[in-house]
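In: Got a sequence here, can you build the structure:
(chains A and B)
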Amino acid sequence: MHLVFLYIDPGAGSLVIQAIIAGLVSIPFFFRNAIRKTFGRFQRKPDDGAAVATGSSVSEDKGAASTDPE
Amino acid sequence: MTDRPAAEREPGSYRDPSGFVFRRDGVLYRQINHSFADDWATFDVSGLHSALVKEGVLVADAPVSLDLAPEPGAVAVIKPEAIEFVTHPFEWSFSQLKDAALLTLRAQSMAGACGMTLRDASAYNVQFKDGKPILIDTLSFERASADQPWKPYRQFCENFLAPLALMARRDGRLGQLLRTWVDGVPLDLASELLPRSSRYFAPGLAAHIHLHARGQRQLSGDSGPNPAAAPRAVTMSENRRLALLDHLERTVEGLHLPAHGTVWADYADQTSYSATGTASKEAIVRRMTEAVAADGGKVAWDVGANTGRYSAIAADAGFWVLALDIDWAAVERHYLALKASGEKRIMPFLADIAEPSPGIGWGNVERASLIDRSNADVVIGLALVHHLAIGRNVPLPMISNLMARLSPHLILEWIPKADPMVQKLLAAREDIFSDYTPDGFRAAFSRDFEIVEETPIEDSGRILFRMQRLG
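Out: The predicted structure is shown next:
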């Protein structure tokens, strides 16, 4: 049992599972982006970004795509 | 080979054939090998290199002469900007590890926009500089091909997501698992340890940890040594890759520590001595740190820093301060407070001076022990000695000896047995500490140090000592 364990490369499974998970999460990702594209341009004002003080270093670079509604 | 100072390869830099880090005369350099020449060129030409440095995501570097390369096959040698003090991921609090994780994802996002990708996501590739996480591995970026999955996915989950999830959902101390598993927390273990609810009510954790762990087991051919069972050449569209990275970022951002402190994190707010005592202690610490600074001291180790009241005083005296504490919640609070105030001169991290981080990884030298990383000009130990002497049974001469290994200057607080905090430590045990007296303390430390001054703290029986190492 343990001998077998030593010869497993979990990386192989990680690649396959990554593709499966990416497939799953790409559906809401696609819709979120579509909604943002449709409505985002009416909502965004220059001041909005400044109100979010913390974590700005992480999110500022990605612009609209990264702000999380939680 | 040449008449230059000999080059010494950094012990942690052996895994990557595309280059390595070495020192000459104490100065850190990085050799980039021919095998990585194309990726290195693209890194520059695409503008990614300069953008990452400009945004403070990647440590700055300068090209130096190729003659400095210690081994054949070099295509470039660079001199990265120095990091004052290297900390290890298991010494970080939750938010420090979380910020390092988000930085890694940000680097990937910037790389993706330039047609490149991160090729690893080890937490050891991140260090803290000026109060912020920063990538230190300049060779982490390679050219991306259109349909490839995100290579470091598994590494990211093991190095960042798993320990963060365990800290947030189970216990803040579980970041210590990174000390045992240098390459990251195994996902099957993380999946086992996480609460059951995270399988059903936390989609990010359900996917990237639980399902991921299951997938590793079932899709890696653990039914037997049958290589044919292992799948190859997984492809993934760019959109899916972006979706995956976006989801990882949301998952990391969605992790928070439960809102309760520990005994220690509340400690600074409820000390046993009066306002007069506090003011007096602050004034004396200020005067003593200024005296050591005037003597040329640059780096202070505040051992048992708690949430950093006295670290701030040392910083004001001109020190760059490493604020060590045994309690993750205190380090967490300290880090968040410093982050909010923009303070750059203090680096809090998790360390137990009575059981310091050992050297770990290959040959026990890949990641240096805490003592080997000592760079202190002064150790400040306030309300520390009684914890070591009485709480941990360390004889006073041994405490003196360790301090002498750490630093030429010492600022130590003596707390008498009658003090309520010492009485608390003695409450449930026999008092076997007959040497724990001011004279016993002076005698023990006089073996290694000269006592330069001692000043009683007003309105308490405590004394502050400033000492200088003998010889």
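In: Which one of the residues in the stretch 101-250 of chain B is closest to chain A?
Out: In the stretch 101-250 of chain B, the residue found nearest to chain A is B:Gly215; the distance is 3.0 Å by CB to the nearest CB. Every residue, glycine included, has its C-beta placed from N, CA and C.
In: Where does pLDDT dip in chain B?
Out: By pLDDT under 70, the weakly predicted segments of chain B are B:1-4, B:220-232, B:260-272.
In: Now do the spatially most central residue of it against chain A, distance only.
Out: Central residue of chain B (CA atoms, centre = their mean): B:Thr87, 3.1 Å from the mean position. Distance of B:Thr87 to chain A, given as CB to the nearest CB, to the nearest Å: 19 Å.
In: check contacts around that residue.
Out: B:127-128, B:347, B:349 (CB atoms under 8 Å, 6 or more residues apart in numbering or on different chains).
In: again, only using 6 Å
Out: B:Phe349 (CB atoms under 6 Å, 6 or more residues apart in numbering or on different chains).
In: so where does it fall, helix or strand?
Out: Assessed by DSSP states H and E, B:Thr87 sits outside every helix and strand.
In: May I have the phi/psi pair for the closest residue to chain A within the stretch 251-400 of chain B?
Out: Nearest to chain A in the stretch 251-400 of chain B, going by CB to the nearest CB, is B:Glu253, at a distance of 5.8 Å. Torsion angles at B:Glu253 (phi, psi; degrees, to the nearest 10) stand at phi -60, psi -30.
In: measure it to B:Leu161 for me?
Out: 11 Å (CB to CB, to the nearest Å).
In: So for the two, which sits in the more crowded spot?
Out: B:Leu161 (26 against 19; other CB atoms under 10 Å in any protein chain shown).
In: what number of residues lie near the closest residue in space to B:Lys339 that isn't next to it in sequence?
Out: Leaving aside its chain neighbours, B:Lys339 sits nearest to B:Gly131 (6.6 Å; criterion: CB to CB, 6 or more residues apart in numbering or on different chains). The number of residues packed near B:Gly131 is 16, by other CB under 10 Å.
In: Do I have it right that B:Ile284 meets B:Ile463?
Out: No. Counting by CB atoms under 6 Å, B:Ile284 stays clear of B:Ile463, with 9.5 Å between them.
In: So between these two, which is more surrounded?
Out: Set B:Ile284 next to B:Ile463 and count neighbours by other CB under 10 Å: B:Ile284 wins out with 22 against 18.
In: quick one: secondary structure of B:His75?
Out: Slight slip there: residue B:75 is Val, not His. strand (DSSP: H, G, I helix; E, B strand; the rest coil).
In: Just name the shakiest helix or strand of chain A by mean pLDDT.
Out: helix A:56-59 (a mean of 38; mean pLDDT, DSSP states H and E).
In: is it true that B:Ala330 touches B:Gly308?
Out: No. Taking contacts as CB under 6 Å, B:Ala330 lies outside contact range of B:Gly308: 8.5 Å.
In: What residues does chain B have near chain A?
Out: Residues of chain B found near chain A (CB under 6 Å from any CB of the partner chain) are B:102, B:106, B:109, B:149, B:153-154, B:207, B:212, B:215-216, B:219-220, B:222, B:225, B:230-231, B:234, B:236, B:239-240, B:243-244, B:246-247, B:250, B:253.
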